[in-house]
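In: return a 3D structure for these sequence lines:
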Amino acid sequence: MSPARHAYRPPAAPRAARHPTFVYWRRRVLVALLVTIVVVVGYLGISLGFALTNQSYGVSFQARFAEWGRQHGLGAEVTWAESEYYRLHPAKVGGTPPLNAFGSGPTTIKISAGAHLPAPKTIPTPAATPLPGEGVWHVVGRRTASGVPTTYEAFVRPDAIHTSYVVGVVWMDPTLLQAQLYSGSSIPGGGPYSYTAPISAKSSRTLVDAFNAGFLMQDSEGGYYTDGKTILPLRKGAASAVIFKDGTMTVGMWGRDVTMSNQVASVRQNLNLIVDNGQPVAGLSDANTAMWGLTLGGAFNVWRSGLGVTKDGALIYVGGPSLSISDLANVLVRAGAVRAMELDINTDWVQYSVFNGKANSPINGANGTSLMSSMIGPPARYFASWWTRDFFTMSLRPVETGTSSSTTTIKPKS
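Out: Predicted structure coming up:
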């Protein structure tokens, strides 16, 4: 027998040369990098899309984009872009405001003497010569059950240069009104809080005023205290809006004018005082971003707001366009503030509303009127569940509604 023969097998194809190890690792790194870029870009795209449709980020798309940018580590770039915009689009110089720009409604009202502050005096205009009605106070908002005004508003030009603009000023009597800080999930963050938007039907029965608070907390150079908790550490020396448990409110330097006690209900800090001892503080014209905030500093004439306290304890709010931080301080001083702080800035965030309605009846945003018609945020924002920023309210004290027999006299803290 012939031995078995193996089946014919063709020769194997030559093996391709193996790539060096670093080639395989480079491919893996590139694939991983590509996947990471797709994930990050996808997340940022979805996040930005959400921000651009989120009303709590502002009324305008510019404001919504800026808020999103600051939340995603682009704060410096956003501030630079805003600075460039205002540098290229400065406030108009000269001109005259419309004749109806200085308010309407009763300017004088006969009221009986009692446990309330005297009506405020006409504000001297920051412009060279007053126009008819400039700086004259008008009675607005809900009054007490006995008809005593709780809130007055007036209008002045911001300075002697930008004379076509008008800013609003509000005077509030803390002997008749009690303050409340409403906290939000974005400012200061966290929660839940006892008072947060929307304003409830019960709270609205006595509501008179609502107005914006300060910067995003990362830009405020300060802390936050409410509901018996320190949400963010309070900074010694910071400008502070302080509300006490009896509902009175004041503005001062933390650690000097006001300190923590068992009578403090809320503290909202924002930068440093811009008015002290009845005068604008030194250095307001300096481009010192550490002292006057990381957002635009104080040099640009933009929408700004501020809150001050007078010698007798009345609260003063100022808000409007074409205000440098020096202008803001000057208007607050002319309105009688002995100490004052800057609140929020830019058109989407400066908002003051005064409310009317039948006493002890629930109201809503439709009962509110903005201090200035050019304020683009409506009064309804304070009654919206989507509003996630903090704000202040001033409401009639129970004794002033005609439903309480209390005779307690409230002494404002000046």
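In: could you find the closest non-adjacent residue to residue 103?
Out: Counting by Cβ to Cβ, 6 or more residues apart in numbering, the nearest residue to residue 103 once its immediate chain neighbours are dropped is residue 138, at 4.6 Å. For every residue, glycine as well, the C-beta is placed using N, CA and C.
In: partner residues bridging that neighbour?
Out: Beta-bridge partners of residue 138, counted by DSSP bridges, are residue 153.
In: what about it, distance to residue 324?
Out: Taking Cβ to Cβ, to the nearest Å as the measure, residue 138 and residue 324 are separated by 26 Å.
In: so which of these two has more stuff around it?
Out: Just comparing residue 138 and residue 324: by other Cβ atoms under 10 Å the higher neighbour count belongs to residue 324, 23 against 19.
In: test my guess that that one contacts residue 306.
Out: No - in this structure residue 324 lies outside contact range of residue 306 using Cβ atoms under 8 Å: 11.8 Å.
In: the helix or strand containing residue 319 packs against which elements?
Out: Under DSSP states H and E, the secondary-structure element containing residue 319 is strand 315-323. Packing partners of strand 315-323 (3 or more Cβ pairs under 8 Å, 6 or more residues apart in numbering; DSSP states H and E): strand 167-172, strand 207-212, strand 302-310, helix 325-334, strand 337-345.
In: the ones you listed: which one's closest to residue 124?
Out: Within the helices and strands packed on strand 315-323, the stretch nearest residue 124 is helix 325-334; the backing value is 5.3 Å (Cβ to Cβ).
In: in stretch 133-149, what's buried?
Out: 133-144, 148-149 (16 or more other Cβ atoms under 10 Å).
In: check stretch 106-118 too.
Out: Going by 16+ other Cβ under 10 Å, stretch 106-118 has these buried residues: 111, 116, 117.
In: need those residues in a markdown table with secondary structure and distance to residue 172, can you?
Out: Shown next, in a markdown table, are those (DSSP: H, G, I helix; E, B strand; the rest coil; distance: Cβ to Cβ, whole Å):
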| residue | secondary structure | distance to residue 172 |
| --- | --- | --- |
| 111 | coil | 16 |
| 116 | coil | 11 |
| 117 | coil | 9 |
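In: which one in those is the model shakiest on?
Out: Within the set of the buried residues of stretch 106-118, pLDDT is lowest for residue 111 (77).
In: could you list the low-pLDDT ranges of the stretch 301-414 of the chain?
Out: Scanning the stretch 301-414 of the chain for pLDDT under 70 picks out 404-409.
In: other residues contacting stretch 374-388?
Out: 54-56, 59-60, 182, 184-187, 197-199, 204, 210, 319, 321, 347-353, 355, 364-370, 391, 393 (Cβ atoms under 8 Å, 6 or more residues apart in numbering).
In: make a PyMOL selection of the buried ones in these.
Out: Selecting only the buried members of the contacts of stretch 374-388 in PyMOL, with burial defined as 16+ other Cβ under 10 Å, works like this:
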select buried, resi 56+59+182+184+185+186+187+197+198+199+204+210+319+321+347+348+349+350+351+352+353+355+364+365+367+368+370+391+393
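In: just the helices in the protein please.
Out: Across the chain, reading from the start of the chain, the helices by DSSP state H fall at 21-52, 61-71, 75-88, 201-204, 217-220, 289-292, 325-334.
In: give me the contact list for the last one.
Out: In other words, helix 325-334. Residues lying outside helix 325-334 but in contact with it, judged by Cβ under 8 Å, 6+ apart, are 123-126, 135, 156, 158-159, 167, 169, 274-275, 278-281, 284-285, 292, 297-299, 301, 304-306, 308, 316, 318, 323, 340, 342.
In: now it against strand 302-310, angle please.
Out: Orientation check (axes from the mean of the first three to the mean of the last three Cα atoms, to 10 degrees): helix 325-334 against strand 302-310 gives 30 degrees.
In: gap between helix 325-334 and the chain center?
Out: 17 Å (Cα atoms, centre = their mean, to the nearest Å).
In: and for stretch 314-323?
Out: Taking the mean of its C-alpha atoms, stretch 314-323 sits 12 Å from the chain's own mean (Cα atoms, centre = their mean).
In: and stretch 258-269, by the same measure?
Out: Relative to its parent chain, stretch 258-269 has a centroid offset of 19 Å by Cα atoms, centre = their mean.
In: just stretch 169-178 next, same as before
Out: Mean C-alpha position of stretch 169-178 versus that of the full chain (Cα atoms, centre = their mean) differs by 19 Å.
In: now stretch 127-135
Out: In terms of Cα atoms, centre = their mean, the centre of stretch 127-135 is set 28 Å apart from its chain centre.
In: what does that stretch contact?
Out: Stretch 127-135 is touched from outside by 96-97, 99, 102-103, 122-125, 154-157, 159-160, 163, 334, with contacts defined as Cβ under 8 Å, 6+ apart.
In: let's see that with 10 Å instead.
Out: Outside stretch 127-135, the residues that touch it by Cβ atoms under 10 Å, 6 or more residues apart in numbering are 96-97, 99-104, 107, 121-126, 136, 154-163, 166, 169, 331, 334-335.
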